[in-house]
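Asks: Got a sequence here, can you model it:
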Amino acid sequence: MEGYLAEQIKKIKEGLLEVITNIEVSIDYPEYDTPEVLEDDLKNKINEATKKLEILEKSFDNGKIIKEGIKTAIIGKPNSGKSSLLNAILKEERAIVTEYEGTTRDTIEEFVNINGIPLKLIDTAGIRKTDNEVEKIGIEKSKKIAKDADLIIVIIDGSKDLTDIDNEILDSVNQSKTIIILNKMDLEQKINENTDKIKNFKNVIKISALKKEGIENLYEKITELFNLNKINVDNDIIITNERHKNQIQKAIKNLNDAKNSLNSHMPIDIVAISLKEVLTNLGEITGEEASEEIINEIFSRFCLGK
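Replies: So this is what the prediction gives:
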(Lines give C-alpha, C1' and ligand atoms only; values in the text may rest on other atoms or scores of the structure.)
Protein backbone atom coordinates (compact mmCIF):
# COMPACT_ATOMS: atom_id res chain seq x y z
CA MET A 1 0.00 0.00 0.00
CA GLU A 2 2.88 2.37 0.76
CA GLY A 3 4.19 1.75 -2.79
CA TYR A 4 0.81 2.48 -4.34
CA LEU A 5 0.52 5.66 -2.30
CA ALA A 6 3.98 6.88 -3.40
CA GLU A 7 3.02 6.22 -7.02
CA GLN A 8 -0.21 8.22 -6.68
CA ILE A 9 1.60 11.10 -4.93
CA LYS A 10 4.23 11.10 -7.68
CA LYS A 11 1.54 11.52 -10.37
CA ILE A 12 0.00 14.45 -8.50
CA LYS A 13 3.42 16.09 -8.11
CA GLU A 14 4.28 15.64 -11.80
CA GLY A 15 1.22 17.63 -12.86
CA LEU A 16 2.11 20.49 -10.52
CA LEU A 17 5.84 20.32 -11.22
CA GLU A 18 5.31 21.07 -14.91
CA VAL A 19 3.46 24.31 -14.28
CA ILE A 20 5.77 25.38 -11.41
CA THR A 21 8.75 24.89 -13.71
CA ASN A 22 7.20 27.10 -16.41
CA ILE A 23 6.52 29.80 -13.82
CA GLU A 24 10.06 29.65 -12.39
CA VAL A 25 11.72 29.82 -15.81
CA SER A 26 9.47 32.67 -17.01
CA ILE A 27 10.43 34.66 -13.87
CA ASP A 28 14.15 33.86 -13.61
CA TYR A 29 14.98 33.43 -17.33
CA PRO A 30 12.62 35.74 -19.25
CA GLU A 31 14.86 35.49 -22.34
CA TYR A 32 13.80 31.85 -22.81
CA ASP A 33 10.68 31.02 -24.77
CA THR A 34 8.66 29.14 -22.14
CA PRO A 35 5.06 27.99 -22.52
CA GLU A 36 2.65 30.67 -21.35
CA VAL A 37 1.13 29.87 -17.99
CA LEU A 38 -2.60 30.19 -18.65
CA GLU A 39 -4.80 30.95 -15.64
CA ASP A 40 -7.55 28.51 -16.61
CA ASP A 41 -5.06 25.69 -17.16
CA LEU A 42 -3.42 26.42 -13.80
CA LYS A 43 -6.81 26.39 -12.04
CA ASN A 44 -7.65 23.05 -13.66
CA LYS A 45 -4.37 21.54 -12.49
CA ILE A 46 -4.91 22.85 -8.96
CA ASN A 47 -8.50 21.53 -8.87
CA GLU A 48 -7.40 18.14 -10.20
CA ALA A 49 -4.64 17.81 -7.60
CA THR A 50 -6.99 18.94 -4.81
CA LYS A 51 -9.63 16.38 -5.78
CA LYS A 52 -7.11 13.52 -5.80
CA LEU A 53 -5.64 14.54 -2.44
CA GLU A 54 -9.09 14.88 -0.85
CA ILE A 55 -9.86 11.29 -1.90
CA LEU A 56 -6.63 10.16 -0.22
CA GLU A 57 -7.43 12.20 2.89
CA LYS A 58 -10.89 10.63 3.21
CA SER A 59 -9.39 7.16 2.85
CA PHE A 60 -7.69 7.58 6.26
CA ASP A 61 -10.92 6.68 8.08
CA ASN A 62 -11.03 3.40 6.15
CA GLY A 63 -7.32 2.90 6.75
CA LYS A 64 -7.78 3.36 10.48
CA ILE A 65 -10.56 0.74 10.43
CA ILE A 66 -8.37 -1.73 8.53
CA LYS A 67 -5.35 -1.11 10.74
CA GLU A 68 -6.96 -0.86 14.19
CA GLY A 69 -10.46 -2.28 13.76
CA ILE A 70 -13.74 -0.70 14.87
CA LYS A 71 -13.53 -0.09 18.61
CA THR A 72 -16.96 -1.21 19.79
CA ALA A 73 -18.32 -0.72 23.31
CA ILE A 74 -21.21 -2.91 24.42
CA ILE A 75 -23.01 -1.06 27.20
CA GLY A 76 -26.27 -1.41 29.12
CA LYS A 77 -27.65 -2.03 32.56
CA PRO A 78 -26.96 -5.37 34.31
CA ASN A 79 -28.74 -8.44 32.92
CA SER A 80 -29.73 -6.68 29.70
CA GLY A 81 -27.80 -9.28 27.72
CA LYS A 82 -24.38 -7.73 27.09
CA SER A 83 -22.37 -10.83 27.89
CA SER A 84 -24.87 -13.06 26.06
CA LEU A 85 -24.44 -10.86 22.98
CA LEU A 86 -20.65 -11.12 23.17
CA ASN A 87 -20.89 -14.92 23.45
CA ALA A 88 -23.35 -15.08 20.54
CA ILE A 89 -21.06 -13.05 18.28
CA LEU A 90 -17.96 -15.04 19.25
CA LYS A 91 -19.91 -18.34 19.13
CA GLU A 92 -18.32 -19.39 22.41
CA GLU A 93 -18.91 -18.91 26.13
CA ARG A 94 -16.35 -16.16 26.57
CA ALA A 95 -18.22 -14.06 29.17
CA ILE A 96 -19.88 -15.32 32.34
CA VAL A 97 -23.68 -15.14 32.17
CA THR A 98 -25.69 -15.42 35.39
CA GLU A 99 -28.99 -14.16 36.78
CA TYR A 100 -27.08 -12.04 39.30
CA GLU A 101 -26.39 -8.36 38.63
CA GLY A 102 -22.85 -7.01 38.58
CA THR A 103 -21.16 -10.20 37.33
CA THR A 104 -19.02 -8.26 34.85
CA ARG A 105 -16.91 -5.78 36.79
CA ASP A 106 -14.11 -5.22 34.30
CA THR A 107 -13.94 -5.12 30.51
CA ILE A 108 -13.64 -8.18 28.27
CA GLU A 109 -12.06 -7.52 24.87
CA GLU A 110 -12.29 -9.76 21.81
CA PHE A 111 -11.93 -9.40 18.03
CA VAL A 112 -14.33 -10.63 15.36
CA ASN A 113 -14.23 -10.07 11.58
CA ILE A 114 -17.07 -8.54 9.59
CA ASN A 115 -16.52 -8.48 5.82
CA GLY A 116 -12.80 -8.85 6.50
CA ILE A 117 -12.75 -5.83 8.85
CA PRO A 118 -11.83 -6.41 12.52
CA LEU A 119 -14.39 -5.45 15.14
CA LYS A 120 -12.82 -4.89 18.56
CA LEU A 121 -15.63 -5.82 20.96
CA ILE A 122 -15.49 -4.56 24.52
CA ASP A 123 -18.02 -6.00 26.96
CA THR A 124 -18.31 -3.53 29.82
CA ALA A 125 -19.59 -3.59 33.38
CA GLY A 126 -23.36 -3.15 33.70
CA ILE A 127 -24.29 0.46 34.45
CA ARG A 128 -26.33 0.86 37.63
CA LYS A 129 -26.23 2.58 41.01
CA THR A 130 -24.16 0.59 43.47
CA ASP A 131 -22.31 0.98 46.77
CA ASN A 132 -19.67 -1.56 45.79
CA GLU A 133 -16.42 0.36 45.21
CA VAL A 134 -14.96 -2.23 42.81
CA GLU A 135 -18.12 -2.23 40.72
CA LYS A 136 -18.18 1.59 40.72
CA ILE A 137 -14.71 1.63 39.15
CA GLY A 138 -15.90 -0.79 36.45
CA ILE A 139 -18.97 1.35 35.71
CA GLU A 140 -16.90 4.54 35.35
CA LYS A 141 -14.56 2.65 33.05
CA SER A 142 -17.57 1.55 30.98
CA LYS A 143 -18.68 5.15 30.50
CA LYS A 144 -15.18 6.26 29.42
CA ILE A 145 -14.85 3.38 26.94
CA ALA A 146 -18.23 4.25 25.43
CA LYS A 147 -17.18 7.88 25.04
CA ASP A 148 -13.96 6.93 23.21
CA ALA A 149 -15.44 4.11 21.07
CA ASP A 150 -15.95 4.24 17.28
CA LEU A 151 -19.21 2.34 17.73
CA ILE A 152 -21.52 2.02 20.73
CA ILE A 153 -23.93 -0.89 21.06
CA VAL A 154 -26.55 -0.09 23.70
CA ILE A 155 -28.35 -3.29 24.66
CA ILE A 156 -31.76 -2.98 26.29
CA ASP A 157 -34.10 -5.65 27.63
CA GLY A 158 -37.06 -5.31 25.27
CA SER A 159 -39.29 -7.42 27.50
CA LYS A 160 -39.29 -4.74 30.22
CA ASP A 161 -40.20 -1.07 30.38
CA LEU A 162 -37.36 1.43 30.15
CA THR A 163 -35.83 2.24 33.52
CA ASP A 164 -34.16 5.42 34.74
CA ILE A 165 -30.79 3.74 34.10
CA ASP A 166 -31.79 2.91 30.49
CA ASN A 167 -32.83 6.54 29.94
CA GLU A 168 -29.60 7.79 31.49
CA ILE A 169 -27.58 5.61 29.13
CA LEU A 170 -29.61 6.71 26.08
CA ASP A 171 -29.13 10.36 27.01
CA SER A 172 -25.37 9.95 27.42
CA VAL A 173 -24.39 8.38 24.07
CA ASN A 174 -23.64 9.91 20.68
CA GLN A 175 -26.63 8.96 18.53
CA SER A 176 -24.71 9.07 15.25
CA LYS A 177 -22.37 6.25 16.31
CA THR A 178 -24.83 4.17 18.32
CA ILE A 179 -26.80 1.03 17.53
CA ILE A 180 -29.68 0.26 19.88
CA ILE A 181 -30.33 -3.45 20.40
CA LEU A 182 -33.70 -4.46 21.81
CA ASN A 183 -32.79 -7.83 23.27
CA LYS A 184 -34.96 -10.81 24.26
CA MET A 185 -37.24 -10.58 21.23
CA ASP A 186 -38.25 -14.19 21.97
CA LEU A 187 -40.24 -12.83 24.94
CA GLU A 188 -43.29 -10.58 24.95
CA GLN A 189 -42.09 -7.06 24.11
CA LYS A 190 -42.78 -4.01 26.24
CA ILE A 191 -40.84 -1.51 24.09
CA ASN A 192 -40.10 -1.01 20.38
CA GLU A 193 -38.61 1.44 17.85
CA ASN A 194 -41.34 4.00 18.58
CA THR A 195 -40.84 4.09 22.34
CA ASP A 196 -39.83 7.50 23.73
CA LYS A 197 -36.05 8.01 23.78
CA ILE A 198 -35.52 5.02 21.46
CA LYS A 199 -37.38 6.67 18.57
CA ASN A 200 -34.67 9.35 18.50
CA PHE A 201 -32.14 6.77 17.27
CA LYS A 202 -31.83 5.87 13.60
CA ASN A 203 -30.19 2.47 14.13
CA VAL A 204 -32.42 0.11 16.12
CA ILE A 205 -32.60 -3.68 15.74
CA LYS A 206 -34.17 -6.61 17.60
CA ILE A 207 -32.34 -9.77 18.59
CA SER A 208 -32.38 -12.65 21.02
CA ALA A 209 -28.82 -12.96 22.29
CA LEU A 210 -29.66 -16.07 24.31
CA LYS A 211 -31.12 -17.89 21.29
CA LYS A 212 -28.53 -16.31 18.96
CA GLU A 213 -31.24 -14.91 16.70
CA GLY A 214 -30.91 -11.62 14.77
CA ILE A 215 -27.11 -11.44 15.04
CA GLU A 216 -26.84 -11.17 11.25
CA ASN A 217 -29.04 -8.05 11.43
CA LEU A 218 -26.41 -6.50 13.69
CA TYR A 219 -23.65 -7.32 11.17
CA GLU A 220 -25.69 -5.76 8.37
CA LYS A 221 -26.27 -2.61 10.40
CA ILE A 222 -22.55 -2.25 11.20
CA THR A 223 -21.68 -2.83 7.53
CA GLU A 224 -24.16 -0.10 6.54
CA LEU A 225 -23.01 2.33 9.24
CA PHE A 226 -19.31 2.12 8.30
CA ASN A 227 -19.75 1.46 4.55
CA LEU A 228 -17.70 -1.71 4.96
CA ASN A 229 -18.92 -3.12 1.65
CA LYS A 230 -17.29 -0.13 -0.09
CA ILE A 231 -13.84 -0.73 1.39
CA ASN A 232 -11.73 -2.57 -1.17
CA VAL A 233 -8.57 -3.61 0.64
CA ASP A 234 -6.99 -5.10 -2.49
CA ASN A 235 -7.50 -2.26 -4.97
CA ASP A 236 -8.06 1.00 -3.10
CA ILE A 237 -5.18 3.25 -2.10
CA ILE A 238 -5.74 3.72 1.62
CA ILE A 239 -3.91 6.00 4.04
CA THR A 240 -3.11 4.28 7.33
CA ASN A 241 -0.36 6.61 8.57
CA GLU A 242 -1.53 9.72 10.48
CA ARG A 243 1.62 11.64 9.52
CA HIS A 244 0.81 11.07 5.84
CA LYS A 245 -2.73 12.30 6.42
CA ASN A 246 -1.42 15.48 8.08
CA GLN A 247 0.92 16.21 5.15
CA ILE A 248 -1.92 15.68 2.68
CA GLN A 249 -4.11 18.09 4.66
CA LYS A 250 -1.31 20.69 4.56
CA ALA A 251 -0.97 20.19 0.80
CA ILE A 252 -4.73 20.69 0.31
CA LYS A 253 -4.56 23.92 2.32
CA ASN A 254 -1.68 25.22 0.20
CA LEU A 255 -3.54 24.32 -2.99
CA ASN A 256 -6.52 26.30 -1.73
CA ASP A 257 -4.19 29.21 -0.93
CA ALA A 258 -2.86 29.06 -4.49
CA LYS A 259 -6.40 29.06 -5.88
CA ASN A 260 -7.37 32.04 -3.70
CA SER A 261 -4.29 33.94 -4.89
CA LEU A 262 -5.28 33.27 -8.49
CA ASN A 263 -8.86 34.40 -7.88
CA SER A 264 -7.52 37.57 -6.22
CA HIS A 265 -5.32 38.24 -9.30
CA MET A 266 -2.13 38.09 -7.27
CA PRO A 267 1.22 37.98 -9.14
CA ILE A 268 2.02 34.54 -10.52
CA ASP A 269 5.14 34.21 -8.33
CA ILE A 270 2.90 34.44 -5.23
CA VAL A 271 0.85 31.54 -6.58
CA ALA A 272 4.09 29.62 -7.17
CA ILE A 273 5.07 29.98 -3.50
CA SER A 274 1.97 28.06 -2.39
CA LEU A 275 2.46 25.43 -5.10
CA LYS A 276 6.08 24.86 -4.04
CA GLU A 277 4.81 24.36 -0.48
CA VAL A 278 2.54 21.62 -1.86
CA LEU A 279 5.59 19.85 -3.31
CA THR A 280 7.33 20.20 0.06
CA ASN A 281 4.31 18.71 1.87
CA LEU A 282 4.09 15.75 -0.51
CA GLY A 283 7.87 15.34 -0.48
CA GLU A 284 7.59 14.60 3.25
CA ILE A 285 5.69 11.49 2.21
CA THR A 286 7.88 10.38 -0.71
CA GLY A 287 11.19 11.55 0.74
CA GLU A 288 12.02 14.03 -2.06
CA GLU A 289 13.19 17.65 -1.87
CA ALA A 290 10.90 20.12 -3.67
CA SER A 291 13.68 22.54 -4.64
CA GLU A 292 15.82 19.74 -6.06
CA GLU A 293 12.89 18.40 -8.09
CA ILE A 294 12.21 21.83 -9.58
CA ILE A 295 15.88 22.34 -10.51
CA ASN A 296 16.08 18.88 -12.11
CA GLU A 297 12.88 19.54 -14.06
CA ILE A 298 14.14 22.90 -15.30
CA PHE A 299 17.45 21.50 -16.55
CA SER A 300 15.82 18.45 -18.10
CA ARG A 301 13.44 20.60 -20.17
CA PHE A 302 15.49 23.73 -20.92
CA CYS A 303 19.05 24.24 -22.14
CA LEU A 304 19.91 26.67 -19.38
CA GLY A 305 23.57 27.48 -18.82
CA LYS A 306 24.63 26.11 -22.22
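Asks: For the closest residue to Gly76 other than its chain neighbours, which residues are in contact?
Replies: Closest residue in space to Gly76, ignoring its immediate chain neighbours: Ile155 at 4.1 Å, by C-beta to C-beta, 6 or more residues apart in numbering. C-beta here means a position set from N, CA and C on the backbone, and glycine is covered the same way. Residues near Ile155 by C-beta atoms under 8 Å, 6 or more residues apart in numbering: Ile74, Ile75, Gly76, Ser80, Gly81, Lys82, Leu85, Ile181, Asn183, Ala209.
Asks: what do you get if the cut-off is 10 Å, keeping everything else the same?
Replies: For Ile155, the contact set (C-beta atoms under 10 Å, 6 or more residues apart in numbering) comprises 74-77, 80-86, 123, 126, 169, 179-184, 207, 209.
Asks: Lys199 should be in a strand, yeah?
Replies: No - the assignment for Lys199 is helix, going by DSSP: H, G, I helix; E, B strand; the rest coil, so no strand is present there.
Asks: Quickly note the distance from the closest residue to it other than its chain neighbours to Leu210.
Replies: Distances taken as C-beta to C-beta, 6+ apart place Glu193 nearest to Lys199, at 6.4 Å, with adjacent residues excluded. Applying C-beta to C-beta, to the nearest Å, the value for Glu193 to Leu210 is 21 Å.
Asks: Mind giving me the packing neighbours of the longest helix anywhere in the chain?
Replies: Using DSSP state H to define each element, the chain has its longest helix at helix 39-68. Packing partners of helix 39-68 (3 or more C-beta pairs under 10 Å, 6 or more residues apart in numbering; DSSP states H and E): helix 2-28, strand 70-75, strand 117-123, helix 242-263, helix 268-286.
Asks: quick one, the third one and strand 70-75 angle?
Replies: Orientation note: strand 117-123 sits at an angle of 30 degrees relative to strand 70-75 (axes from the mean of the first three to the mean of the last three C-alpha atoms, to 10 degrees).
Asks: Would you mind identifying the helix or strand in this protein with the lowest mean pLDDT?
Replies: Lowest mean confidence among the helices and strands of the chain (mean pLDDT, DSSP states H and E): helix 290-301, at a mean of 54.
Asks: Gly15 versus Ile23, what's the distance?
Replies: For Ile23, the distance to Gly15 - C-beta to C-beta - is 14 Å.
Asks: who touches Lys147 in this structure?
Replies: Ala73, Ser172, Val173, Asn174.
Asks: what's the answer for Asp166, then?
Replies: Counting by C-beta under 10 Å, 6+ apart, the residues that Asp166 touches are Gly76, Lys77, Ser80, Ile127, Val154, Ile156, Asp157, Lys160, Ile191, Thr195, Lys197, Ile198.
Asks: Need those in CSV (columns: secondary structure, pLDDT and distance to Leu225).
Replies: Compiled in CSV, these are given as follows (DSSP: H, G, I helix; E, B strand; the rest coil; pLDDT from 0 to 100; distance: C-beta to C-beta, whole Å):
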residue, secondary structure, pLDDT, distance to Leu225
Gly76, coil, 87, 19
Lys77, coil, 84, 23
Ser80, coil, 82, 21
Ile127, coil, 58, 23
Val154, strand, 92, 14
Ile156, strand, 92, 18
Asp157, strand, 92, 23
Lys160, coil, 92, 27
Ile191, coil, 93, 22
Thr195, coil, 92, 21
Lys197, coil, 90, 20
Ile198, helix, 93, 17
